[in-house]
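> no sequence for this one, just the structure:
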């Protein structure tokens, strides 16, 4: 069986690329297609030496740094891939990859990380954060997203089977496309983390410092709890704002970007991992649990599927400092088992992902 895997774009090794990596392990004969490929040579190991077919956007001016600016051309670009020789097409999609054109004798299965957030329920948030919620440019952006939604709906009809990365995303797929989906949780490299039962008196948060991660809110909450230590690992556009909030707080340490070994060490020793984002799935809380570290998390999105309330962590229900402070108080009144945290994380192992994926593909490959 000839297989093609279509990925939105290759610019970094992040969550979607971890899924792609395991797809390629499961289907070593598959060919890879993507809109643009700017992965550096020293970071391409996850592609396992495969050649990658790119679209015309690869050669457009400034595409390496401004590829997202070509969003209006991406539907056209993905439709130009000639996949007529393949029996099975698997799209790895959070944007436009699922829009590839397939015929009636081909099967198209879509690993959907989410319908395009910026085109659907998060449109207003993205426009506001980009400064495109007003003026002529704003109206042009809104019209472009309107056209993109029409295309996105039409192309959903070309998918024979949807995979959702969480029940949260399954609900979004049903809301947007009116399609059912099978939940297969993304692979988490739980074996890269080791159990540690000896915890120290500090809390940890780690992520890229961007607005939706709400690291500034976490820092503000701990600035109101001067007896509780917080360590922040990560860098990004919000670093200056977060540094200002942490200024004068002796209980808050900003470490910036750190190597994996440093992150792992802190995850193992932390009293708890703090997670304030509304994520589609969320890998970091599971990495923490794989270390035996419980999680204090915002109780929406994928977190409610990966954390067992009162067993491997506690939830707070508003993205506010006061709500997080109350959750920390609740956490400190509850005892947690490091082994229970790790056992929970093991449900999301790479092995379990590969088994679930191959079962789904085998059951949905007959045209």
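Thanks, I have the structure now. Since we're looking at a predicted model, the values are computed, not measured.
> what comes into contact with the helix or strand encompassing residue 324?
In this assignment (DSSP states H and E), residue 324 forms part of helix 321-332. The contact list for helix 321-332 (C-beta atoms under 8 Å, 6 or more residues apart in numbering) reads 203, 217-218, 220-221, 224-225, 228, 272, 274, 276, 294, 296, 313-317. In this view, the C-beta of every residue, glycine as well, is placed from N, C-alpha and C.
> Filter those down to the ones in helices?
Filtering the contacts of helix 321-332 for membership in helices, criterion DSSP state H, returns 217-218, 220-221.
> Can you say which two of the residues you listed are spatially most distant?
With C-beta to C-beta as the measure, no two of the ones in helices among the contacts of helix 321-332 lie farther apart than 218 and 220, at 7.3 Å.
> So for the two, which residue has more residues nearby?
In this view residue 218 and residue 220 are compared by other C-beta atoms under 10 Å, and residue 218 has more residues nearby, 25 against 20.
> got the buried residues for the helix holding residue 324?
Buried residues in helix 321-332, counted by 16 or more other C-beta atoms under 10 Å: 321, 323-328, 331.
> can you list those residues in JSON lines and add distance to residue 43 and pLDDT?
Listed next are these as JSON lines, based on distance: C-beta to C-beta, whole Å; pLDDT from 0 to 100:
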{"residue": "321", "distance to residue 43": "37", "pLDDT": "97"}
{"residue": "323", "distance to residue 43": "38", "pLDDT": "97"}
{"residue": "324", "distance to residue 43": "35", "pLDDT": "98"}
{"residue": "325", "distance to residue 43": "39", "pLDDT": "97"}
{"residue": "326", "distance to residue 43": "41", "pLDDT": "97"}
{"residue": "327", "distance to residue 43": "36", "pLDDT": "97"}
{"residue": "328", "distance to residue 43": "37", "pLDDT": "97"}
{"residue": "331", "distance to residue 43": "37", "pLDDT": "97"}
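> from the residues you listed, which is closest to residue 12?
Comparing the buried residues of helix 321-332 against residue 12 with C-beta to C-beta places residue 324 closest, at 29.1 Å.
> Next, work out how far apart that closest one and residue 359 are.
For residue 324, the distance to residue 359 (C-beta to C-beta, to the nearest Å) stands at 39 Å.
> which one among the ones in helices among the contacts of helix 321-332 gets closest to residue 247?
The shortest approach to residue 247 among the ones in helices among the contacts of helix 321-332 belongs to residue 220, at 11.9 Å (C-beta to C-beta).
> so the closest one makes contact with residue 246?
No. Under the criterion of C-beta atoms under 8 Å, residue 220 is not in contact with residue 246, lying 9.1 Å apart.
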